[in-house]
Each structure stands twice: as C-alpha cells, then as structure tokens.
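Asks: what follows is a protein structure lacking sequence information:
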C-alpha cells in the first residue's frame, strides 16, 4: 500500500508513517491469535489442515469484523478538511483491508504449507486418550464416597472438562514494588 502511494506521487507525512505502524500492530494481533489456536489444535492431536481450519473458524470472524468496524469508523475521517487527518482515515482503512486479506487468506495458506510444518515440528502433541473402560453391570453404590468433594466431580468427569483457551494462563503473576 505504501509503495502504491509513492507510485501515485502522494506525499508521505507523519500521519502516513504512524498509520503503517498501527496497521502492523493490528495485523500482528490477528496473526498471533491464529497461530496460537493452530498450536492448540496440533497439541490436541489434529492434523495441520484440521488445526488451520479450527483456528480460522475461531479467529476468522473476529478478524474480519474488527477490520470492518475499524475501517468504517476511520473512513469517515476522509471528509475532514485537515489533510493529515483525512489521509490517516483513508490510508488506515486501506491498510487494514490489505492486512485482513493477508490474515484471512495468505496466513492460513502458509500455515497449511511449509510454515505450518515448522510449527508442527516444534509443537508437542498431547498423549493419546486412554481407552474407555466398558461399563460394569454391577449396581452403583448407594452413597457418595467420602473423598469426593464438590470441586472434584464423581465419576472422572474432570478428565472430560473443556480445555481452557490457550491465551488464558492459570498461573498468577505477582508484581512487587522495589523497596527504597
């Protein structure tokens, strides 16, 4: 996009350069979400194509909706009399549209191809799930075992609980202030 601006002879100013850095930041955010969900799919034992499809199905709608909403909001600035603001608005909209095409078409294609093979090799896969034991025909005990608590479901349901999203970390980080 910036090359097209230079080719058309449009002057590049401080607003144009700031626009490029903002668009790159938004694009990287979408790409990191896509790669994170790809890695989680691979860790769950899915093939690379299945993991890419799952990641795109999860992140794709949010990525194009973000682009659409922000672009529509910024294109309104095109009518502004101040050239710096006007150029920021239309340039940001065009850059976000190009970034959206990159995130929704080029990045999944790369992840399904050679780049995905590199990520696939560096991502550890989950151990296969143990075989399910057949249900016994013996009647269930009438009382709940004493070791069962409300935090731990009876019957091994904890193993079937949903896996948290990869960007949610259960660890707590403590930040302490330096003492003078």
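Replies: Cool, got the structure. The structure displayed is predicted, hence computed values, not measured ones. Residues are numbered from 1 along each chain as shown.

Asks: could you identify the helix or strand that succeeds the helix or strand containing residue 33?
Replies: Secondary structure assigned from DSSP states H and E places residue 33 in helix 14-43. Sequence-wise, the next helix or strand downstream of helix 14-43 (DSSP H and E) is helix 48-75.

Asks: and residue 78, that's in a helix?
Replies: Yes: Residue 78: assigned to a helix according to DSSP: H, G, I helix; E, B strand; the rest coil.

Asks: confirm residue 12 sits in a strand?
Replies: No: judged by three-state DSSP, residue 12 forms no part of a strand; its state is coil.

Asks: next, the angle from whatever helix or strand residue 85 lives in to helix 48-75.
Replies: Residue 85 belongs to helix 83-101 when assigned by DSSP H and E. For helix 83-101 against helix 48-75, the angle by axes from the mean of the first three to the mean of the last three Cα atoms, to 10 degrees is 160 degrees.

Asks: so for the very next helix or strand once past helix 83-101, what's the average pLDDT?
Replies: Downstream of helix 83-101, the next assigned helix or strand under DSSP H and E is helix 107-112. Averaging pLDDT along helix 107-112 gives 89.

Asks: one more: stretch 64-73?
Replies: 91.

Asks: buried stuff in that stretch?
Replies: 64, 66, 67, 70, 71 (16 or more other Cβ atoms under 10 Å). The way it works is simple: take the backbone N, C-alpha and C, and place the C-beta from them, glycine included.

Asks: with distance to residue 79 added, can I get these in TSV?
Replies: Formatted as TSV, the buried residues of stretch 64-73 follow (distance: Cβ to Cβ, whole Å):
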residue	distance to residue 79
64	25
66	23
67	21
70	17
71	15
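
Asks: buried set for the helix holding residue 85?
Replies: 87-97, 99-100.

Asks: and these, which is closest to residue 119?
Replies: residue 99 (20.7 Å; Cβ to Cβ).

Asks: which residues touch that closest one?
Replies: The contact partners of residue 99, by Cβ atoms under 8 Å, 6 or more residues apart in numbering, come to 23, 24, 26, 27, 30, 67.

Asks: go on, residue 48?
Replies: Residue 48 makes contact with 38, 42, 111, 112, 116, 117, 120, according to Cβ under 8 Å, 6+ apart.

Asks: packing partners of the helix or strand containing the last one?
Replies: In other words, residue 120. Assigned by DSSP H and E, residue 120 belongs to helix 114-122. Counting contacts by 3 or more Cβ pairs under 8 Å, 6 or more residues apart in numbering; DSSP states H and E, helix 114-122 packs against helix 14-43, helix 48-75.

Asks: the ones you listed: lowest mean pLDDT?
Replies: Among the helices and strands packed on helix 114-122, helix 14-43 scores lowest, with a mean of 87.

Asks: and it, what's buried?
Replies: 15-16, 19, 23, 26-27, 30-31, 33-42.
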